[in-house]
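**Q** 3D model of this:
(chains A and B)
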Amino acid sequence: MSKKMALIATKGTLDMAYPPFILGSTAAALGWDVQIFFTFYGLQLLRKDLSDVKISPLANPAMPMPVPMPVFVQMLPGMESMATMMMKQKMKSKGVASLEELRDLCLEADVKFVACQMTVDLFDFSRSDFIDTVEYGGAATFMKFAGESDVCLFI
Amino acid sequence: MNHDKEYDASGLACPLPIVKTKKALSDMATGQVLKVLATDPGSVCDMAAFAEQTGNALLEQGEGGGKYFFYLRKG
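**A** You can find the predicted model right below:
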């Protein structure tokens, strides 16, 4: 019987969007059964359009910057978009897959995506905002799979 | 070493060399040999871990011409 990995994806920023999709696609390539439970801001990773997933230098003091940038500059309008654009360019130049590509690789390999119904309702999201290959459930749905898993991570 | 298929993962970063190697193996027959090229230094450890967990034998691995190479026999 194949090994199982259960992940909870709770973050909706570009940097924190990578770990669930990287681990999910890799585990699936190793023949594992994978389920990812998306809740709170992690729901943003299920949107049809991922272009709003951004990275912020603000409150990310460990983020390497090309030039030192004081916090009051990081707060200026447009800084988040600029940081996101620069990060995406860097990722592309280093051969890092886009989020879209990694998500597609997960889906292709039958990684199961479950959206947390409670937070979908909390934020007034509509199922039509999300890609079609998503199931909807709650904590009990996650526990059923997580209880049989070999690896279980909260991201 | 003789091989039935070659996949070049040069320039790709984790997890693409592994995920794409898995895809390259998918249409091969048991016993056939896949040669993989990569530039990601992490792929040295990753390919061994991939082979061990998937039952594909890592016949040979090494470095040459600025690239890492791997020969996998499909299990």
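**Q** Let me see the contact set for B:G55.
**A** B:G75 (CB atoms under 8 Å, 6 or more residues apart in numbering or on different chains). (Each C-beta comes from the backbone N, C-alpha and C, glycine too.)
**Q** for the record, mean pLDDT for the helix or strand encompassing A:K88?
**A** Element membership of A:K88, judged by DSSP states H and E, is helix A:79-93. On average, the pLDDT along helix A:79-93 is 94.
**Q** With stretch B:36-47 instead?
**A** Mean pLDDT, stretch B:36-47: 96.
**Q** how about that stretch: buried residues?
**A** By neighbour count on 16 or more other CB atoms under 10 Å in any protein chain shown, the buried set for stretch B:36-47 is B:V36, B:L37, B:A38, B:T39, B:D40, B:S43, B:D46, B:M47.
**Q** Also near chain A: which of those, exactly?
**A** B:T39, B:D40 (CB under 8 Å from any CB of the partner chain).
**Q** Pick out the most distant pair among the buried residues of stretch B:36-47.
**A** Spanning the widest gap among the buried residues of stretch B:36-47 are B:L37 and B:D46, at 14.0 Å by CB to CB.
**Q** Pick out the residue closest to the middle of the chain.
**A** All of this refers to chain A. Ranked by distance to the mean C-alpha position of chain A (CA atoms, centre = their mean), the top residue is A:A17 at 2.9 Å.
**Q** Now residue 4. Nearest residue, chain neighbours left out?
**A** By default, I'm working from chain A. Using CB to CB, 6 or more residues apart in numbering or on different chains and skipping the chain neighbours, the partner closest in space to A:K4 is A:S149 (4.2 Å).
**Q** you looked at the wrong chain, it should be chain B
**A** In this structure, B:D4 finds its nearest non-sequential neighbour in B:Q32, 4.2 Å apart by CB to CB, 6+ apart.
**Q** didn't the one you found look like it was pressed against B:R73?
**A** Yes. Contact criterion CB atoms under 8 Å: B:Q32 and B:R73 qualify, at 7.3 Å.
**Q** Looking at these two, which is more packed in?
**A** Using other CB atoms under 10 Å in any protein chain shown, the more surrounded residue of B:Q32 and B:R73 is B:R73, with 19 against 14.
**Q** does the more buried one really touch B:V33, like I thought?
**A** Yes. B:R73 lies in contact with B:V33 (CB under 8 Å); the separation is 5.2 Å.
**Q** okay, and the common contacts of the two?
**A** B:L59.
**Q** Setting the sequence-adjacent residues aside, check what's closest to whatever residue of chain B ends up closest to chain A.
**A** Nearest residue of chain B to chain A, counting by CB to the nearest CB: B:K22, 3.8 Å away. Of all residues not flanking B:K22 in the chain, A:A29 sits nearest, at 3.8 Å (CB to CB, 6+ apart).
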